[in-house]
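1. next one to model:
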Amino acid sequence: MNMTLAVCTTTESREEAQKIARACVEARLAACVHIDEIASVYVWQGDVQEGFEFRLTLKTTAEAYPALETLIRQLHSYDVPAIYAFEVVRGNEDYLDWVRGEVDPKK
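-> From the prediction side, this is the model:
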């Protein structure tokens, strides 16, 4: 069975988050994407930064992950975008079947 993943990244603006989300869904690399505004504290180039970002949580499959990461990198404005995945180990099987059915990295 093709493993379901929840992939996260963050962006500087809602517009960029929506652009990435739409492109990933239209490319059939993600079944859906949630976008949340979050507060972030992090170190960048030696300085502590604080600000607001937009977190995308993309629902996809392990098979689609390489192409999804490539597309996110192409569209992302950050020099080093955070892109990481969590394996979905349990969930509503009807929902997970829907995700797997909507994601098609061969299209």
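
2. what ranges do the helices span in this structure?
-> Remark: helices assigned in the chain by DSSP state H are 14-26, 65-75, 93-102.

3. roughly how far is the longest one from the heart of the chain?
-> When you say that, I think you mean helix 14-26. 9 Å (CA atoms, centre = their mean, to the nearest Å).

4. for L58, which of the helices of the chain is the nearest?
-> With respect to L58, and counting by CB to CB, the nearest of the helices of the chain is helix 14-26 at 5.8 Å. C-beta here means a position set from N, CA and C on the backbone, and glycine is covered the same way.

5. now do that closest one: which elements does it pack against?
-> Applying 3 or more CB pairs under 8 Å, 6 or more residues apart in numbering; DSSP states H and E, one finds that helix 14-26 contacts strand 4-11, strand 32-44, strand 47-61, helix 65-75.

6. what's the angle from it to strand 4-11?
-> 150 degrees (axes from the mean of the first three to the mean of the last three CA atoms, to 10 degrees).

7. and helix 14-26 with strand 47-61, angle?
-> Going by the same axes, to 10 degrees, helix 14-26 makes 20 degrees with strand 47-61.

8. can you give me the angle helix 14-26 makes with helix 93-102?
-> Using the same axes, to 10 degrees: helix 14-26 against helix 93-102 is 80 degrees.

9. quick revisit: quick one: which of the helices of the chain is nearest F86?
-> helix 65-75 (11.3 Å).

10. name the residues that touch that closest one?
-> Helix 65-75 has contacts (CB atoms under 8 Å, 6 or more residues apart in numbering) with 5, 7, 9, 16, 19-20, 23-24, 27, 29-30, 58, 60, 81, 83, 85, 105.
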